[in-house]
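Student: Pasted the sequence and its predicted model underneath.
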Amino acid sequence: MRLPYAVDDARAAVEAVGQDINRPDTARWRAMTADDERLRQTYRALGMLIKQVEVSFLKRKADLRAFEGSRKDYRQAAAEYEDWKSRTVHFASRARERRVELEHRVRLLTQNHAINEIRTALQTLARAVADHRNTIRSGSREETTADRMLWVRLDLLPHGTLADHVSGRPVPSTSSGNRTT
């Protein structure tokens, strides 16, 4: 199913997610959570809906407390509030359930993003150290103990060698965290 709104259209996403909570559609929900960007958008939309409900509760409760009118009108307003509250509590509960349902996948995306950023930073550092080593070895300057210690330390990083990090190729993993040979 193709969704009728863009990944960057937060307002349309909130509206669509709210509609899906009120009238669930398996195909629409699958489309809303199919890929990483839609998953993040739907998760954010659920958070915005929950926040909107919380704000609505505060406003409606304050309006009821500030109600001025006859006792009969107040009872009518209170009954309307209770009816609204019942429907809204149900809606909010379903929104929270949906959000909890997505939390694990969103957390994995966030962790993967952080891991990718760390991996990129490590590869950049490894390239800089390799360039440093190549420059020293091709120039007139002698390698120092500190240079060799730096190069060895980078080669001893878990999950691969300096060459692996510099090339950006996948590195073998081991359960002990030591590098494989």
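Tutor: Arrived safely, thanks for sending. Residues are numbered from 1 along each chain as shown.
Student: Show me what counts as buried in stretch 145-154.
Tutor: 147, 151, 154 (16 or more other C-beta atoms under 10 Å). The C-beta positions use only the backbone N, C-alpha and C, and glycine is treated the same way.
Student: ok, these vs R98, which is closest?
Tutor: Closest approach between the buried residues of stretch 145-154 and R98, by C-beta to C-beta: L154, at 45.3 Å.
Student: circling back: lowest pLDDT pick from the buried residues of stretch 145-154?
Tutor: In this model, the minimum pLDDT among the buried residues of stretch 145-154 belongs to L154 (74).
Student: Which of the buried residues of stretch 145-154 fall in helices?
Tutor: Those of these mapping onto helices are 147, 151, 154, per DSSP state H.
Student: In CSV: the buried residues of stretch 145-154, plus distance to K85.
Tutor: Formatted as CSV, those follow (distance: C-beta to C-beta, whole Å):
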residue, distance to K85
D147, 70
W151, 67
L154, 61
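Student: In this protein, where's the longest helix?
Tutor: Secondary structure of the chain per DSSP H: the longest helix is helix 71-138.
Student: Which elements pack onto that helix?
Tutor: If contacts are counted by 3 or more C-beta pairs under 8 Å, 6 or more residues apart in numbering; DSSP states H and E, helix 71-138 sits against helix 10-22, helix 36-65, helix 145-155, helix 162-167.
Student: Quick check, W151 in contact with V129.
Tutor: Yes: between W151 and V129 there is a contact at 6.6 Å, judged by C-beta atoms under 8 Å.
Student: re the thing from before, hey, what's the angle from the longest helix of the chain to helix 145-155? Just curious.
Tutor: 130 degrees (axes from the mean of the first three to the mean of the last three C-alpha atoms, to 10 degrees).
Student: Return the closest of the ones in helices among the buried residues of stretch 145-154 with respect to S70.
Tutor: Among these, and counting by C-beta to C-beta, the member closest to S70 is L154, at 80.4 Å.
Student: coming back round to it: quick one: the longest helix of the chain to chain centroid distance?
Tutor: 3 Å (C-alpha atoms, centre = their mean, to the nearest Å).
Student: quick check: mean pLDDT across that helix?
Tutor: For helix 71-138, the per-residue pLDDT averages 87.
Student: hmm, back to that, looking at the helices and strands packed on helix 71-138, which is nearest to N116?
Tutor: It's helix 36-65; of the helices and strands packed on helix 71-138, that one is closest to N116 (C-beta to C-beta) at 12.1 Å.
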